[in-house]
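Colleague: what follows is a protein structure lacking sequence information:
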């Protein structure tokens, strides 16, 4: 059973950089054809895909967030990390990490989510 756990600060000041880490257990982030995403949900809104890193280390970003987003990984720790720069209160929400396999339309494993609030 693959498990994902988000970690990071719950409160970030405007203009700062948000950094979150997803720690994966029960499976490897280098498992062939796996795709590891960051997804967020602002209050009262739907889920928004932010970006992903593949099992081979390739990264993909939402066009609307690409200029502020960076996703990296540490294979020795089986973790992948989200950095979102120049945050504003509109970046407040619950942030999730999730796994999808290539060729599948849905995510099969999700973290529990972590609340991030952007406020001075």
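Modeller: Done, it's in. Predicted model, so just to flag it, every value in this text is computed and none were measured. Numbers count the residues shown, from 1 in each chain.
Colleague: hey, what's the residue nearest the centre of the chain bridged with?
Modeller: For the chain, the residue sitting closest to the mean C-alpha position, by C-alpha atoms, centre = their mean, is residue 38 at 2.4 Å. Assessed by DSSP bridges, residue 38 has beta-bridge partners residue 51, residue 97.
Colleague: shouldn't it be in contact with residue 18?
Modeller: No: in terms of C-beta atoms under 8 Å, residue 38 does not count as a neighbour of residue 18; the distance is 10.6 Å. (Each C-beta comes from the backbone N, C-alpha and C, glycine too.)
Colleague: ok, now which ones touch the nearest residue to residue 89 once chain neighbours are set aside?
Modeller: Using C-beta to C-beta, 6 or more residues apart in numbering and skipping residues adjacent in sequence, the residue nearest residue 89 is residue 118, 5.0 Å away. Each residue near residue 118 by C-beta atoms under 8 Å, 6 or more residues apart in numbering is listed here: 11, 12, 13, 14, 18, 87, 88, 89, 90, 91, 92.
Colleague: next, format those residues as TSV and append secondary structure and neighbour count.
Modeller: Compiled in TSV, the contacts of residue 118 are given as follows (DSSP: H, G, I helix; E, B strand; the rest coil; neighbours: other C-beta atoms under 10 Å):
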residue	secondary structure	neighbour count
11	strand	11
12	strand	21
13	coil	10
14	coil	13
18	strand	19
87	coil	18
88	coil	10
89	helix	11
90	helix	9
91	helix	19
92	coil	18
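Colleague: contacts only, for residue 94.
Modeller: So residue 94 contacts 40, 41, 113, 114, 115, 116 (C-beta under 8 Å, 6+ apart).
Colleague: just give me the closest of those to residue 81.
Modeller: Closest approach to residue 81 among these (C-beta to C-beta): residue 114, at 12.9 Å.
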